[in-house]
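Visitor: how does the following fold in three dimensions:
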Amino acid sequence: ERKFKILMAIIDDYILTAMPVRSRTISKKNEIGGVSSATIRNEMSDLEDLGFLEQPHTSAGRIPSAKAYRLYVENLLRGANKLPAEEARRLRVHFAHRSRQVEDLIASAAQAISDVTRYTAVVTLPKAQTVRIRRVQLVPVTENAALLLLVTDIGIVKDTLIQVDGQLTADHLYDLSKMLTEQLQGLTPEELRVKLMQISQAFSAHREMLTSVLEAVENSGPGVKDVMVGGRANLLSYPEYSDAEKARAVLSVLETRDKLLRLIKAAPQMAFTIRIGDETGMPETSECSIVSMTYRIGDETSGTIGVIGPTRMQYARVIPVLDYMGKALGALLRDQGSQP
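Guide: Below is the predicted model:
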């Protein structure tokens, strides 16, 4: 128990200072209960032998290892972490003037998390397979072209230009829009493809246009804008990234969509997924920690929110921020979808 208390005190101190911790510093902390500096030195030596502490330089203090942070995080997750009222207020301010565009809402969420935690935040848009079609609209643009609008149940709008028969008037396109909405409303993108193929067989006169609609649906999958990053530069304020090469390596990951998605991938069955150091699976982020969780719209897992920072991250602060934001974002998107 004494070793555990000493280790927790060392981690708390190192998170705040980024400086190796000496036994004298720990002996002055109230939670240690007046244990002598010599006893603490012996305990620290044992903790180093057990792999929980590292000594960067001879005669320097100790710093926590990834193994120590893992124990620290598991202990945190067993306790109740509530977000302070002031930080909850700061997060709500970002959504005071809510945009009807889901992309803007997700970008606001990423910025809010980064502002409150002072780390880099990543938020993904809801997964395409979980959203459903609300409306299909064909808007004439030229004689042979129309703008196809796909509106989903959470407000996401996909638009693309398609070729149409020059003989189709605005009234024809309106009737086709109404028919497609009636046939496709409530379907997921996968169900939509099957239904469109059936419709194109039944309406052979419009098969070419319906094929264009089908191609537009298939090309409306995830893109660069389905991952929003807030506070990229926040990482550069930490001494761990004062080395230009290290900073450049981490920033390169933040600019690469596929790497970002791999990095913040969360396990849906777990409240939080926490990767520390080498657990991130990328050499560029071997000195980072990533805390992520899935957010839900109703009962369905929809997207991921995460925070990227140094391994000495303030986990006790980050975890309740993500928990609060995950619930708030899910509720906002659900409400967005219920609006006409």
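Visitor: just want the most central residue of the protein.
Guide: With distances taken as C-alpha atoms, centre = their mean, residue 305 lies nearest the centre of the chain, 2.2 Å away.
Visitor: helix/strand/coil for that residue?
Guide: Applying DSSP: H, G, I helix; E, B strand; the rest coil to residue 305 yields a three-state assignment of strand.
Visitor: I'd say it and residue 117 touch.
Guide: No - counting by C-beta atoms under 8 Å, residue 305 stays clear of residue 117, with 11.2 Å between them. Heads up, the C-betas are built off the backbone N, CA and C, glycines and all.
Visitor: before we move on, back to that, contacting residues around the residue nearest to the centre of the chain?
Guide: When contacts are counted by C-beta atoms under 8 Å, 6 or more residues apart in numbering, residue 305 touches 109-110, 113, 121-124, 264, 292-293, 295, 322, 325-326, 329.
Visitor: list the ones among these that fall in helices.
Guide: Applying DSSP state H to those, the entries found in helices are 109, 110, 113, 264, 322, 325, 326, 329.
Visitor: ok, back up a step: from the contacts of residue 305, which single one is nearest residue 204?
Guide: residue 124 (39.8 Å; C-beta to C-beta).
Visitor: the closest one: how many residues sit nearby?
Guide: 25 (other C-beta atoms under 10 Å).
Visitor: thought it was touching residue 262?
Guide: No - with contact defined as C-beta under 8 Å, residue 124 does not count as touching residue 262 (11.8 Å).
Visitor: once you drop chain neighbours, what's closest to residue 303?
Guide: Spatially, and ignoring its direct neighbours in sequence, residue 303 is nearest to residue 124 (4.4 Å; C-beta to C-beta, 6 or more residues apart in numbering).
Visitor: beta partners for that neighbour?
Guide: Per DSSP bridges, the residues bridged to residue 124 are residue 227.
Visitor: kindly report the same for residue 140.
Guide: Going by DSSP bridges, residue 140 is paired in beta bridges with residue 146.
Visitor: count the residues that sit near it.
Guide: When neighbours are defined as other C-beta under 10 Å, residue 140 has 17 of them.
Visitor: tell me the contacts of it?
Guide: Applying C-beta under 8 Å, 6+ apart, the residues contacting residue 140 are 146, 164, 168, 169, 170, 173.
Visitor: recalculate using a threshold of 10 Å.
Guide: 146, 147, 164, 168, 169, 170, 171, 172, 173, 174 (C-beta atoms under 10 Å, 6 or more residues apart in numbering).
Visitor: correct me, but the first one touches residue 206?
Guide: No - under the criterion of C-beta atoms under 10 Å, residue 146 lies out of contact with residue 206, with a separation of 11.8 Å.
Visitor: joint contacts of the two?
Guide: Shared contacts of residue 146 and residue 206 (C-beta under 10 Å, 6+ apart): 164, 165, 168, 176, 212, 213.
Visitor: could you give the separation of the lowest-mean-pLDDT helix or strand in the chain from the chain centroid?
Guide: In the chain, no helix or strand scores lower on mean pLDDT, DSSP states H and E than helix 207-218, which sits at a mean of 72. Centroid separation for helix 207-218 versus its chain: 32 Å, with C-alpha atoms, centre = their mean, to the nearest Å.
Visitor: which parts of the stretch 1-150 of the chain are helices?
Guide: Along the stretch 1-150 of the chain, counting by DSSP state H, counting those that start in this stretch, helices occupy 2-17, 23-27, 37-49, 66-78, 85-93, 102-117.
Visitor: name the helices or strands packed onto the shortest one?
Guide: Read that as helix 23-27. In terms of contacts (3 or more C-beta pairs under 10 Å, 6 or more residues apart in numbering; DSSP states H and E), helix 23-27 is packed against helix 2-17, helix 37-49.
Visitor: quick one on the thing from earlier: of the shared contacts of residue 146 and residue 206, closest to residue 103?
Guide: Set against residue 103, the nearest of these by C-beta to C-beta is residue 213 (22.5 Å).
Visitor: gap between residue 125 and residue 297?
Guide: Using C-beta to C-beta, to the nearest Å, we find residue 125 at a distance of 11 Å from residue 297.
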